[in-house]
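Engineer: Using only what follows, build the 3D model:
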Amino acid sequence: MIMPFPHQSNSVHHVLVDPEDDLPDLVDDAGYPSDAESYATSLGSSILDYKWFNGRRFHAYNEGSYKFPNDEREQYRLEIMHSMFKLAMGDKLFLAPVQVGQPLRVLDIGTGTGTWAIEVADRYPNIKLIVGNDLSPIQPDLVPPNVVFEVDDVEEEWPPRQPFDLIHVRYMCGSIQDWPKLFQQAYEQTRIGGWVEFQEFNLVNYSQDGSLTPDNNVDRFYRLLREACDLMGRPVTVGTNLSRYATAAGFHNVHHHVYPLPLGTWPLGRRLKDTGALNMLQFLEGLEAFSVATFTEILGWSPEAVQLFLADVRADAMRRDVHMMHNFHVVYAQKL
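Structural biologist: Here you go, the predicted model:
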């Protein structure tokens with residue numbers, strides 16, 4: 001019997017602070033956000049929208065199972081997230097050692113805007129088929145000929161079909177109740193010799209220099225978000241458990257990598273600085289998306305209280321003297 005063995009590189013190296021970070025100040029002398037539009041421009045974006053309102057669009061398929069919107073603002077944020085993940089991983093779309101020159105079958109779970117599937121098809125045209133599924137049909141109509149999108153709920157029983165060479169799952173934390181079941185269904189539809197890859201957050205902020213304190217409103221925001229998602233049974237701290245889930249499902253050759261995601265441009269070094277810039281953009285743009293349903297429906301906050309709190313969260317997020325980050329976990333494993 002071949003026993004599974006984990007390959008771990010899941011410790012985060014020390015992230016150095018850039019003492020000469022030359023982006024504009026993010027808060028004024030009173031502690032409130034400075035010109036956010038100027039900041040966004042400094043990060044290479046001009047689409048930040050600081051209008052806070054409750055009118056957000058959510059998906060209709062299996063209504064209520066997913067508490068985050070799918071409107072154009074959220075789709076824009078997901079595009080930022082895709083760029084951030086790829087940058088953090090050194091411009092790689094996946095780490096699993098699949099033979100991309102072969103006519104592979106690939107499944108992308110929770111494809112969102114479909115950008116990952118489309119980019120894989122463009123980068124590796126020999127791949128035979130890439131199926132992307134999601135609760136919302138928000139993907140573009142014009143796609144490479146080997147890409148197919150479908151509306152599906154991966155928490156239900158998967159339909160029987162030909163197994164896949166690679167099953168890719170990314171950024172599903174907060175969306176899944178039964179992670180062991182998801183891994184088991186992925187195992188059943190992975191061909192022998194094929195791979196799965198899960199890329200997920202562990203949404204616990206920290207600093208390596210003690211600059212993040214418990215009274216920081218970003219830290220409080222993440223504590224409240226974790227509480228709400230735990231109450232829904234859809235945790236956002238799954239990253240550290242991915243290796244265990246993969247082994248329990250029967251996968252072998254389990255590899256686990258961890259990438260730090262700084263919040264802001266404070267790190268020393270271009271890759272981490274740019275990663276932090278993208279993380280700041282998606283965080284500021286996504287604050288309402290994260291809280292519009294979770295804080296009101298699950299935690300019982302009023303919409304007005306949420307908006308007041310978000311203003312404090314934005315102010316603390318853009319403080320240059322706080323060097324916070326959280327971790328992005330990538331686990332890939334093989335079916336033997």
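Engineer: Please make it C-alpha for all contacts and neighbour counts, starting now.
Structural biologist: Noted.
Engineer: Can I get the longest helix along the chain as CSV, trimmed to CA atoms?
Structural biologist: Criterion DSSP state H: the longest helix present in the chain is helix 270-291. Extracted C-alpha coordinates of helix 270-291, given in CSV (Å, rounded to 0.1, in the frame of the first residue of the first chain):
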residue,chain,number,x,y,z
ARG,A,270,8.7,44.7,-5.9
ARG,A,271,6.7,41.5,-6.0
LEU,A,272,5.5,41.7,-2.4
LYS,A,273,4.9,45.5,-2.8
ASP,A,274,2.7,44.9,-5.9
THR,A,275,0.9,42.0,-4.2
GLY,A,276,0.1,44.2,-1.3
ALA,A,277,-1.1,47.0,-3.6
LEU,A,278,-3.6,44.6,-5.3
ASN,A,279,-4.6,43.2,-1.9
MET,A,280,-5.4,46.7,-0.7
LEU,A,281,-7.4,47.5,-3.8
GLN,A,282,-9.5,44.4,-3.5
PHE,A,283,-10.0,44.8,0.2
LEU,A,284,-11.2,48.4,0.0
GLU,A,285,-13.4,47.6,-3.0
GLY,A,286,-14.8,44.5,-1.3
LEU,A,287,-15.6,45.8,2.2
GLU,A,288,-19.3,46.3,1.4
ALA,A,289,-19.4,43.0,-0.5
PHE,A,290,-18.1,41.1,2.5
SER,A,291,-20.4,42.8,5.0
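Engineer: Tell me the helices and strands packed up against that helix.
Structural biologist: On a contact count with 3 or more Cα pairs under 8 Å, 6 or more residues apart in numbering; DSSP states H and E, helix 270-291 meets helix 72-88, strand 252-262, helix 303-317.
Engineer: For the stretch 101-250 of the chain, which residues score under the pLDDT cut-off?
Structural biologist: Along the stretch 101-250 of the chain, segments meeting pLDDT under 70 are nowhere present.
Engineer: Quick one: the strands in the protein, in order.
Structural biologist: Shown for the chain, the strands assigned by DSSP state E span residues 6-9, 105-109, 129-134, 147-151, 164-170, 190-207, 252-262, 324-334.
Engineer: any idea what sits nearest residue 177, other than its immediate chain neighbours?
Structural biologist: residue 234 (4.7 Å; Cα to Cα, 6 or more residues apart in numbering).
Engineer: and the one you found, how far is that from residue 321?
Structural biologist: 33 Å (Cα to Cα, to the nearest Å).
Engineer: now residue 195
Structural biologist: Separation of residue 195 from residue 321 (Cα to Cα): 42 Å.
Engineer: more neighbours, those two?
Structural biologist: Neighbour count, other Cα atoms under 10 Å: between residue 195 and residue 321, residue 195 has more, with 27 against 11.
Engineer: ok, that one - contacts?
Structural biologist: 96, 98, 165-167, 332-335 (Cα atoms under 8 Å, 6 or more residues apart in numbering).
Engineer: For residue 140, state which of the residues you listed is nearest.
Structural biologist: residue 167 (21.1 Å; Cα to Cα).
Engineer: which ones are touching the residue sitting nearest the centre point of the chain?
Structural biologist: The centroid of the chain falls nearest to residue 171 when counting by Cα atoms, centre = their mean (3.6 Å). Taking Cα under 8 Å, 6+ apart as the criterion, residue 171 is in contact with 110, 199-201.
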